[in-house]
Structures are given as C-alpha cells and as structure tokens.
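In: have a look at this prediction, sequence included:
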Protein chains: 2
Amino acid sequence: MKRSPTMKDVAREAGVSVMTVSRAFKDDASVGEKTREKIRKTADGLGYVFDVTAANLRSQRSDFVAVTIPSLNNANFAATVVALTTKLSDAGYQVLLGHTNYDMDKEEALIRQFLRRRPEAIVVTGGHHTDAARKLLSESGVPVIETWDAPPDPIGHVVGFSNAATMDLVVDHLVSLGRKNIAFMGGDADSDTRGRDRRAGFLAAMARHRLQARRLVGSGAPQKAMHEGARAMGHLLEAYPDTDALICVSDLVGFGALSECQRRGIDVPAQIAMAGFGAYDISEVCVPNLTTVDPMPTKIGESAAGLVLQLLKDPTAKGNVMITPTLRLAQSTGV
Amino acid sequence: MKRSPTMKDVAREAGVSVMTVSRAFKDDASVGEKTREKIRKTADGLGYVFDVTAANLRSQRSDFVAVTIPSLNNANFAATVVALTTKLSDAGYQVLLGHTNYDMDKEEALIRQFLRRRPEAIVVTGGHHTDAARKLLSESGVPVIETWDAPPDPIGHVVGFSNAATMDLVVDHLVSLGRKNIAFMGGDADSDTRGRDRRAGFLAAMARHRLQARRLVGSGAPQKAMHEGARAMGHLLEAYPDTDALICVSDLVGFGALSECQRRGIDVPAQIAMAGFGAYDISEVCVPNLTTVDPMPTKIGESAAGLVLQLLKDPTAKGNVMITPTLRLAQSTGV
DNA sequence: TGCATTTATGTTATCGTTAACAAATCTTGT
DNA sequence: ACAAGATTTGTTAACGATAACATAAATGCA
C-alpha cells in the first residue's frame, strides 16, 4: 500500500507552493478563488486527507477538550456529554471522552493519559479526585472545569449544583404532605460521591425539620442500581415497616424499589410516598410516575461548553455557573 | 505562563542527549538503570509531560482507534464501548468515541473528522452507511470493523449477528406457547436500522410459521423508546384487540408497553405475552420480568477489540466474528 | 591482558504542517 | 500611466519527538 499523499504532493500537482495549499484549507486565509478551487480539486483527485496531527504539532494547538464522566451508560451524564460535544465540535474542537467507572484511580490514570495529548481544556465530573489528580489538574496550565457538583474547594471553574441542597426540595415536599417517617435509600457506596452528598443533604434537611433520620438503607454501587433498589426495598420494609415516605438516590434505584412494592402489593403513594432523583425517562413511564429532581444535564453540558469556549478566548475569564435543579412532582407522591 | 518543558529541557538538565531521554520513556529500550532513574527524576522535577502528538507525527502511528456508536445513552452500545475501550487501552491505544444520534449523515461527518487524525482502525456500529461514508472507509487504508449487524455487503471486517435471525428465536418461542396473533412494535424509524432489520426478521419468521403478520405498530425514534412504547400500546389495543402476543423492538419500548398494560389492567402474560430485545436491566426488574434477547454486547466489544489488535499485527488477517444472541425467558411470556 | 561482543549513548535528518517574514502581483485613484 | 496600498503567493525554519545509523563504554572469554 502506498504512502498517503501530503500537502507537498497536492502542491506539486497543482503547481503552487505548499504554503498556498495550507492556506487553501483554512477558510479565512487569503487565497485566490480560482487557485483555491484548483487546489481543492487536486486534493480530491489525489485522495488527500488533511493531517491534523502535524498541524497540531506546528501550531501548538491540539483542538482537544478532554472530558471524563463516571459512566457512559447513564442518561444524565450522556446528556451532558451530548450537549458538550455538540457545542464544542461546532466550534472545531474534538472531545476526548473517558469513563472512570466511578473509580477515582481510573480517573487519575485517564487524566494523566489525556494530558499527554495537550488538551486545551479539561472537563471532569464531580469535585472528588485523588490528591495526585488534583495536582495534575491544577499544574496542567489548562483550564479545568468541574461539573455536576459544586465542590467546597474547586480546582478551577465549576458548572454544577449542590446535590445536598436538592434534597431540601424533596424533603420539604414530603413533609408538606404530612409524611414524617421518611427513609433514604442509597448513598452508601464510596464510589458514588454524588449519592453520598445527597444522603448528607437528606440528613441535613431532616434535621432542619427536627425529624428522625435513622431510616437509611444501602443500595450499593450505581452500576446495579435497579436490582439493588428492589433488594433494598425488602430490607427497608423489614427494618422500618412504619416508613411512610422514601427518597431514593436515583430514579433507577427508585424504580427497583417501586417494582418491589408492586410485587408485594404495597400501595404507592398511599402507604409509602416515593421520590427519586435524575428525571430519567423511566420516571415518566413507570406506574405510578415517579416524583423526581431534574438536574438539568443538558444545561450543564451547554454551560460547560460555553465556559470552555470563553476560557479559550480569554484564559483569565472568571466564570462559575450554578445550575438550579427543579423538583418534578408526580403520582408517586400523590400529586 | 511559561512554555512547558520538552525532552530537550530534560536532556540538558540531566546531562544526556535527547535521544537517551526518548529511550528512557520507552519501557523496552536500552538505557542504563541509573541514567534512566536520573532522567525520570529530572523529568518529574521539571514537571515534564510527554507530548504524544509529536511522537505520533514522527513515528507515523497515531495510537487512535476511532469508534462510532448511534447513542451514548444505551446500555448495549455502552457495554460494547466499555469492553472495547478497556481492551484497547490496555494495549496502549486511545479510543476516539463519537455518537451519531442515529443519523447517517452525522456518521459520515464523524468518520471524515476522525480520518484526519489518522486512526489505526475504525470500528463502526451497523452496516448501513451513506455512500460517501462507505467510500471514505474503504479507501482509508485502515482496518474497518462493522459491529452489531452482519451486513450483506461488508466493507471490511464484521463482528456481529443477524438481527433478523434473532427474531426467529422469539417468534418460535411464542408460537410454541400457542400464541398466533402476534404483533410487532417498532422498527418503523428510518434511523434505527437495527430495529428495521428486526421487524423484517419478524415478518420472515411469521411467514415461516404461516401466520399472518399484519399486527405492526410504530414506536418512532429510539431516543424516545419508553414513552413511545406506552403510546404505541394504546394504538395496538385499539387496532388489534385480539392480539395475544407482542414482540417489541427493544426492552425500552417493551417496558413502555408493559406499563401501559398495567395502567389499563391488562394481564401480561395471560392476555398478552410480551417479549423485548436487548436484555436491559429493566427487563429483570419490571413486573412481570420481560422475556428478551441478550445480544452479548460485551462479547461484541471484546471480539472487536481482539480483532483490531490482531489486524494491527497482521493487516492481512482474515477474521469475521459471529456472535450468537440468546433468548432469556421470563414471566412476561409465562415462563 | 586483549580482542570480540554486547550494551549504552550520541548525531543527524525527518514526520506534515504552519508562523513569520519576503516578494510578487493586482487594484485603485489621480 | 504610475505610485501607493491591498491582495496573493513564496521561502525558510520550526513544532517535539523518533528512526536509522554511528560511536563509545562495558562485558565476556580465551
């Protein structure tokens, strides 16, 4: 197989200098209209494909934006990435996507790997990282954006919300319905830092209402959320049979719990009101529909992309974006 | 902000040549143990980060493997990508992931964009592409692997299965239960080529059993599967009230349909037996559990990665991998 | 010890593109 | 028609690494 053609080949064939070919491939450059046309045609004829790697090396711009998320298979992270990718690729950037599988060491390894490609910005999910990862990020000389959480000690910029504060919305709602024996399911897995933050928010909100918050059941790692939700519901009913409301760390756990109620003939919301988190599709389809919190994943992605673009124009720009999640009431809390 | 250090800086600081530094960063190269140690230490001290772009340009190897999938937020595609990424990154490759949103023009644009980075292999989902995309792929001089479908006219290599053939499994099962008025939901969206293939398979299987296959209802684009499944169930019940079995293009559509049955008090499986496709988590959690087909997404990813690695060693290697999906029986068909 | 062999390090040119500067060509107004 | 400015094209060197080849240092063995 023969070597693929370079600008040099195109230049020779078209009878111009290499530099003119280079310019012809940039939209804004000054090249005569008929010269450009000839070059385009010659390039097509030769099957020339522009080599971004060489361009990057010379111009010292990688066009990469590195992005890490905990899991690919999550409607919310996916929505954020879709929004982010759309906006960034429209602006000519290439997203380098990595998933950590909720493992902070994996995240560190990914960051290390991505930095070797000289990304122009790094967008990470969450504010919890290994010490080494924090160091890598802050010393990278590249804009860093933490999304989804509003960490107490940000590395660079933040586009997120307070997971803890969202629990106020849910607890207030359940309390306003007269529920008092409110349980929380999930938030026990070390790896799911957002879940832990939500549980902490639940505890704080309950304390604010002077309600006992001892009804806590684990649901394990987020990867098995639905199954674990069903299992955990069994535990909850045995341990705290007088529970009259349940907040789940996610809609997926919530759906597992809901289906277990269905199996056992427990009436939701009459006996137990139930709320999830994440506004997953399933919350609007399951029976009963699940009250949930919409964390605005697309808005997070769009804002993060906007911030990246702004920072690439002006690295000194300040800009943290706070997102305001909304409570979506549905049948599972009797609305 | 000062320029980040290069090998030259490390070499000067460590009192060796640039080439020695370069070798010290490759594991297998011959460098004295104490020299290597000194270089490592100097590099760390300077905060040196290896520049993969430059290395790629010189060595004419990108370490990239381009991968396109229809949607990020899909448990099956995600599982394939996870398996693929894990295996390839262990071997030192970087996956460039792009999602097409089930749009073939978007896929073409992605491929065009990826080729400019000189990937060492390209893995695409499905066997349906624009003509231009097919041309790009086949002329790229890079190994091409089509996954998830077994296309009639492959571009290069294939790791997949016959969507149509999987429907034989499901139809045979339902017929063996004595069901005759079998409906199919989905497969109507142009963009969902796999769904279309499944519907075609359904029609073929019904013909083989000499059964009428006019009970077809659309469920629209896969992005809204759950909602559309619920809506479509309404249509089905109105149009074909004597339906005694339903095959859905995916478990997500199936769950939508199932929840609509629950709302209307229709007994599944007594009145209507129901089967989905994809072995999504939800199929094992919903009530009743959903009979489904497991398309072995992880196996697809692993096999595709294995094939990529093999092809990179020996580009002339032949190798198509056929995956055999399995039927998973559950309560929704009365098992 | 001395010479062949292995191991460790150095030198030079280059991957394919673009920044920076230089030169040539084309406009335009008088 | 011609100077002055605007537009288009060309030349040279460089981005940061490595392949290929050359040489120096270390080792083995008679």
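Out: Yep, it's here.
In: give me every residue in the stretch 201-335 of chain A lying close to chain B.
Out: Residues of the stretch 201-335 of chain A found near chain B (C-beta under 8 Å from any C-beta of the partner chain) are A:224-227, A:229-230, A:252, A:255-256, A:259, A:262-263, A:281-282, A:284-287. Just so you know, the C-beta spots here come from the backbone N, C-alpha and C atoms, and that holds for glycine as well.
In: what do you get if the cut-off is 10 Å, keeping everything else the same?
Out: When proximity is defined as C-beta under 10 Å from any C-beta of the partner chain, the stretch 201-335 of chain A approaches chain B at A:223-230, A:252, A:255-263, A:280-289, A:315.
In: weed out the non-buried ones from these.
Out: The neighbour count (16 or more other C-beta atoms under 10 Å in any protein chain shown) marks A:223-230, A:252, A:255-262, A:280-289 as buried among these.
In: mind checking which of those land in strands?
Out: Among these, DSSP state E puts none in strands.
In: in helices only, show me those.
Out: Residues of these located in helices (DSSP state H): A:225-230, A:252, A:255-262, A:282-285.
In: so what are the domain limits for chain A?
Out: As assigned by automatic domain parsing, chain A contains the domains A:7-50, A:62-161+A:297-324, A:163-294+A:328-333.
In: adding distance to DNA strand D and mean pLDDT, write those out as TSV.
Out: Formatted as TSV, these follow (distance: least, C-beta to the nearest atom of the strand, whole Å; pLDDT from 0 to 100):
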stretch	distance to DNA strand D	mean pLDDT
domain A:7-50	3	91
domain A:62-161+A:297-324	9	96
domain A:163-294+A:328-333	34	97
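In: any part of the strand or helix carrying A:Arg12 near chain B?
Out: With secondary structure defined by DSSP states H and E, A:Arg12 is part of helix A:7-14. No - Helix A:7-14 lies out of reach of chain B by C-beta under 10 Å from any C-beta, never closer than 12.9 Å.
In: counting by contacts, list what that helix packs against.
Out: Using 3 or more C-beta pairs under 10 Å, 6 or more residues apart in numbering or on different chains; DSSP states H and E, the elements in contact with helix A:7-14 are helix A:18-24, helix A:33-46.
In: okay if I get those helices as CSV plus mean neighbour count and distance to chain B?
Out: CSV is the format used below for the helices and strands packed on helix A:7-14 (neighbours: other C-beta atoms under 10 Å in any protein chain shown; distance: least, C-beta to the nearest C-beta, whole Å):
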stretch, mean neighbour count, distance to chain B
helix A:18-24, 19, 14
helix A:33-46, 15, 12
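In: what's the closest of those helices to B:Ala43?
Out: The closest of the helices and strands packed on helix A:7-14 to B:Ala43 is helix A:18-24. By C-beta to C-beta, the value is 33.5 Å.
In: and for that closest one, what are the contacting residues?
Out: The contact list for helix A:18-24 (C-beta atoms under 10 Å, 6 or more residues apart in numbering or on different chains) reads A:6-14, A:16-17, A:29-32, A:35-40, A:42-43, A:48, A:50, A:55, A:58.
In: just the buried members of the residues you listed?
Out: Buried among the contacts of helix A:18-24 by 16+ other C-beta under 10 Å: A:6-7, A:9-14, A:16, A:31, A:35-36, A:38-40, A:42-43, A:48, A:50, A:55.
In: which ones, among these, also lie beside DNA strand C?
Out: A:Thr6, A:Met7, A:Phe50, A:Ala55 (C-beta under 7 Å from any atom of the strand).
In: surely the last one meets A:Phe25?
Out: The one in question is A:Ala55. Yes - here A:Ala55 reaches A:Phe25: they are 9.0 Å apart, a contact under C-beta atoms under 10 Å.
In: list residues touching both of the two?
Out: Residues touching both A:Ala55 and A:Phe25 (C-beta under 10 Å, 6+ apart): A:Met7.
In: ranges for the helices of the stretch 1-150 of chain A?
Out: For the stretch 1-150 of chain A, helices defined by DSSP state H, counting those that start in this stretch occupy the ranges A:7-14, A:18-24, A:33-46, A:52-59, A:75-90, A:104-115, A:131-139.
In: helices and strands around the longest one, which ones?
Out: Spelled out, that is helix A:75-90. Applying 3+ C-beta pairs under 10 Å, 6+ apart, one finds that helix A:75-90 contacts strand A:64-69, strand A:94-99, strand A:121-125, strand A:144-149, helix A:251-264, helix A:297-313, strand B:94-99, helix B:104-115.
In: just the third one next, same as before
Out: Packing contacts for helix A:33-46, counted by 3+ C-beta pairs under 10 Å, 6+ apart, involve helix A:7-14, helix A:18-24.
In: the first one vs helix A:33-46, what angle?
Out: What that stands for is helix A:7-14. Computed by axes from the mean of the first three to the mean of the last three C-alpha atoms, to 10 degrees, the angle separating helix A:7-14 from helix A:33-46 equals 110 degrees.
In: please save the CA atoms from helix A:7-14 in CSV.
Out: Extracted C-alpha coordinates of helix A:7-14, given in CSV (Å, rounded to 0.1, in the frame of the first residue of the first chain):
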residue,chain,number,x,y,z
MET,A,7,0.3,18.8,1.0
LYS,A,8,3.6,18.5,-0.8
ASP,A,9,2.0,16.2,-3.3
VAL,A,10,-1.0,18.4,-3.7
ALA,A,11,1.2,21.4,-4.1
ARG,A,12,3.3,19.8,-6.8
GLU,A,13,0.3,18.5,-8.7
ALA,A,14,-1.5,21.9,-8.5
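In: which residues touch it?
Out: Contacts for helix A:7-14 (C-beta under 10 Å, 6+ apart): A:3, A:5-6, A:16-22, A:24-25, A:35, A:38-46, A:48, A:50-51, A:54-55.
In: where does A:Lys2 land on pLDDT?
Out: For A:Lys2, the pLDDT comes out at 61.
In: can you list the helices and strands packed on helix A:75-90 in CSV and add distance to DNA strand C?
Out: Output for the helices and strands packed on helix A:75-90, formatted as CSV (distance: least, C-beta to the nearest atom of the strand, whole Å):
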stretch, distance to DNA strand C
strand A:64-69, 16
strand A:94-99, 15
strand A:121-125, 19
strand A:144-149, 25
helix A:251-264, 46
helix A:297-313, 15
strand B:94-99, 18
helix B:104-115, 12
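In: for those, which one sits closest to B:Ile69?
Out: Distance to B:Ile69, taken as C-beta to C-beta, is lowest for strand B:94-99 among the helices and strands packed on helix A:75-90, at 5.6 Å.
In: which elements pack onto the closest one?
Out: helix A:75-90, strand A:94-99, strand B:64-69, helix B:75-90, helix B:104-115, strand B:121-125.
In: how close does A:Leu307 sit to B:Thr6?
Out: 30 Å (C-beta to C-beta, to the nearest Å).
In: ignore what I typed, I meant A:Tyr102.
Out: Distance from A:Tyr102 to B:Thr6, by C-beta to C-beta: 36 Å.
In: next: A:Arg328.
Out: 53 Å.
In: repeat that for A:Ala78.
Out: 38 Å.
In: repeat that for A:Gly276.
Out: In this view, A:Gly276 and B:Thr6 are 51 Å apart by C-beta to C-beta.
In: for A:Ala79, same thing?
Out: Per C-beta to C-beta, A:Ala79 is found 39 Å from B:Thr6.
In: not counting sequence-adjacent ones, nearest residue to the residue nearest in space to the middle of chain A?
Out: With distances taken as C-alpha atoms, centre = their mean, the residue of chain A nearest its centroid is A:Phe77 (3.5 Å). Distances taken as C-beta to C-beta, 6 or more residues apart in numbering or on different chains place A:Ile69 nearest to A:Phe77, at 4.3 Å, with adjacent residues excluded.
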